[in-house]
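Visitor: the following comprises the amino acid sequence and a computationally predicted model.
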Amino acid sequence: MKKVSKAIFPVAGLGTRFLPATKSVPKEIMTLVDRPLIQYAIDEARAAGIKEFIFVTSRGKSALEDYFDQAPELEHQLRKKGKDDLLEILKSTNMESGQIAYIRQHKALGLGHAVWCARRLVGNEPFAVILPDDVIAAETPCLQQMVEAHAETGGCMVAAMEVAPEKASSYGVLDVKEDMGSVVSTRGMVEKPAPEDAPSNLAVIGRYILTPQIMRNLNKIKTGAGGEIQLTDAIATEVQEGREVYGYRFRGQRFDCGSKAGFLQATVAFGLARPDLRDELSAYLDELVSVRNAAQ
């Protein structure tokens, strides 16, 4: 079984929930503490052994390309001023020539279509898909956990977590065949079911390890939920045709940074996890709580 060495990052969305900021700044460049969302995704992919990074973009996303390019003048100034710590941080954002590729998604036809756009670069190899909106704080990065589990199972694998039943309609939901703890085998997946129709409360989160067969499935799929080509439908086809699809209960905390509330929660959590910020931020939050309690 080939190792997973390629990852697709679907980043073509307009980020309308964060307007007006996203009028000129791609959502993926918005900073969580002092790193853009996309940097968290790249760092996670690198930790999992990913060597080739494929970005599915759209018009107005040139800032993403610039972010991963070298900045010779800035590096020169940092070196000149002896700011070696900042220079190392800056170098960690650079990508080697040929390591990163950009594909345009010309029409907003859904996640499945975005993944399909990268089919020629993936070829006949297993590949990962990372949604940068889902930021996962974990001791062992989520995709690394999945790659290690996938080496034992093969097939397709999706990250999963339990959600409240009333929230199932916001996710793709697994129909569980056998629960083996961290790994579950599935009978299928349902995209955004009504709460009463959800086969479980095990929701799919934005990390996938997929076989090249998924691209062939996407070739045949017509629009599904929301008038879009759903990646969930292509994965469900694998089960229908007798191939294995697994869910993986990752260890860590997921933040939905595609929503304003989730982005703010992640900012607080990641800020409190930083030794250089923890004390000052914690004191400020304690003060806010005290003022709020006094007002009541």
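Guide: Everything's here; your move.
Visitor: what's the distance between the nearest residue to G181 once chain neighbours are set aside and K2?
Guide: Nearest residue to G181 in three dimensions, chain neighbours excluded: R249, at 7.5 Å (Cβ to Cβ, 6 or more residues apart in numbering). All C-beta spots, glycine's among them, are computed from the backbone N, C-alpha and C. Computed as Cβ to Cβ, to the nearest Å, the R249 to K2 distance reads 25 Å.
Visitor: tell me which of the two has more neighbours.
Guide: Neighbours were counted for R249 and for K2 using other Cβ atoms under 10 Å; R249 has more, 17 against 11.
Visitor: low-confidence ranges in the stretch 151-296 of the chain?
Guide: Scanning the stretch 151-296 of the chain for pLDDT under 70 picks out 223-226, 296.
Visitor: in it, which spans are strands?
Guide: Assigned by DSSP state E, counting those that start in this stretch, the strands in the stretch 151-296 of the chain fall at 156-162, 172-179, 183-191, 202-210, 245-249, 253-256.
Visitor: distance to V129 added to those strands, as JSON lines?
Guide: Shown next, in JSON lines, are those (distance: least, Cβ to Cβ, whole Å):
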{"stretch": "strand 156-162", "distance to V129": "9"}
{"stretch": "strand 172-179", "distance to V129": "13"}
{"stretch": "strand 183-191", "distance to V129": "14"}
{"stretch": "strand 202-210", "distance to V129": "4"}
{"stretch": "strand 245-249", "distance to V129": "14"}
{"stretch": "strand 253-256", "distance to V129": "16"}
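Visitor: for these, which one sits closest to L78?
Guide: For L78, the closest of these is strand 253-256, at 30.5 Å, according to Cβ to Cβ.
Visitor: who are the packing partners of that closest one?
Guide: Helices and strands touching strand 253-256, by 3 or more Cβ pairs under 8 Å, 6 or more residues apart in numbering; DSSP states H and E, are strand 134-137, helix 260-272.
Visitor: out of the ones you listed, deepest packed?
Guide: Stretch with highest mean neighbour count among the helices and strands packed on strand 253-256: strand 134-137 (a mean of 21; mean count of other Cβ atoms under 10 Å).
Visitor: show residues contacting it.
Guide: For strand 134-137, the external contacting residues (Cβ atoms under 8 Å, 6 or more residues apart in numbering) are 32, 37, 40-41, 44, 142, 159, 205-207, 250, 252-258, 266, 269-270, 273.
Visitor: partners of that strand, with directions?
Guide: Strand 134-137 has the following sheet partners, assigned by DSSP bridges: strand 253-256 (antiparallel).
Visitor: which one of the strands of the stretch 151-296 of the chain lies closest to G13?
Guide: From the strands of the stretch 151-296 of the chain, taking Cβ to Cβ, the stretch that ends up closest is strand 202-210, at 12.2 Å.
Visitor: kindly export that closest one (C-alpha atoms) in PDB.
Guide: Extracted C-alpha coordinates of strand 202-210, given in PDB (Å, rounded to 0.1, in the frame of the first residue of the first chain):
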ATOM      1  CA  LEU A 202     -20.800  10.500  14.600                       C
ATOM      2  CA  ALA A 203     -20.100  13.400  12.300                       C
ATOM      3  CA  VAL A 204     -17.400  13.700   9.600                       C
ATOM      4  CA  ILE A 205     -14.800  16.500  10.200                       C
ATOM      5  CA  GLY A 206     -12.500  18.100   7.700                       C
ATOM      6  CA  ARG A 207      -9.800  15.500   7.400                       C
ATOM      7  CA  TYR A 208      -9.900  12.600   4.800                       C
ATOM      8  CA  ILE A 209      -7.600   9.900   3.500                       C
ATOM      9  CA  LEU A 210      -9.000   8.700   0.200                       C
END
